[in-house]
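Student: pasting the sequence and the predicted model now:
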Amino acid sequence: MGVPMPEQKYSEPRLTLSKIYTRTGDGGQTRLASGEQVPKDNARLDCYGTLDELNAHVGAARLTAEGAAEKAPQLGALAATLARIQHELFNLGSILATAAGKAHPKQPRVADADVAQLESDIDRMNSELPPLRSFVLPGGSRLNVELHLCRTVCRRAERLMVALRRVEEVDDVDIRYVNRLSDAFFVMSRWANAVMGVEEVLWSPNKSASAQQS
């Protein structure tokens, strides 16, 4: 069961993209969604650029989950969750691509209900898993590794957003969302292996080259 979501509708985008390159960014400058011209290494661009990178990884994991669902039908639900997360990441990127205080009231964004839904997802999947007895390594299945990639890129996005918040306003819910999302990816990675009947790859400090030689 999902978390009951409050009524929250945003304006559908009205875009017509007939030309992809404009040459306006050739000098290393670009414009935020709110119109301000900034250098391409601006901290705000780092944040929403990393969310874009994360979204690509989530898309890859989603496709892998859809393919694996032929043998493990439970992964169909995971693919649907990942699809939802892709839209939420784009909503969050919309806010981060806008200068602080310039967002339109109907501009897409993440909300407390999105965080609550992630927590519900985490609790449901984690309840089906055995307790951890060691740290885990990415491995066992392609989907597990792809979800760990999502987790690590999400953590990087969180670090960049925290750094941005030291100099500009970033909503608390935005930080909470990416923090909870990285936890969700971790649990998803374990859950994916479990439903496919794949053993987790556990960390052992004694499998290093130096430990083997001692």
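Tutor: Everything's here; your move.

Student: so who does G139 touch?
Tutor: The contact partners of G139, by Cβ atoms under 8 Å, 6 or more residues apart in numbering, come to V145, V201. Using the backbone N, CA and C atoms, a C-beta is placed for each residue, glycine as well.

Student: regarding it, what is its secondary structure?
Tutor: coil (DSSP: H, G, I helix; E, B strand; the rest coil).

Student: gap between it and R62?
Tutor: 20 Å (Cβ to Cβ, to the nearest Å).

Student: likewise for L147?
Tutor: Distance, L147 to R62, by Cβ to Cβ: 10 Å.

Student: who has more neighbours, the two?
Tutor: Higher neighbour count among L147 and R62: L147, with 29 against 22, using other Cβ atoms under 10 Å.

Student: by mean pLDDT, flag the weakest helix or strand of this protein.
Tutor: Averaged element by element with mean pLDDT, DSSP states H and E, the chain has its least confident helix or strand at strand 37-39 (a mean of 60).

Student: ok, and what's touching stretch 66-78?
Tutor: Under Cβ under 8 Å, 6+ apart, the answer for stretch 66-78 is A65, A79, S141, L143, M188, W191, A192, V195, M196, G197.

Student: if we go to 6 Å?
Tutor: Applying Cβ atoms under 6 Å, 6 or more residues apart in numbering, the external contacts of stretch 66-78 come out as A65, A79, L143, V195, M196.

Student: same check on stretch 161-174?
Tutor: A43, C47, A100, D112, I175.

Student: mind redoing it with 10 Å?
Tutor: With contacts defined as Cβ atoms under 10 Å, 6 or more residues apart in numbering, stretch 161-174 is touched by 42-44, 46-48, 50-51, 92, 95-96, 99-101, 103, 109-115, 158, 175, 177-179.

Student: what distance separates it from the centre of its chain?
Tutor: 17 Å (Cα atoms, centre = their mean, to the nearest Å).
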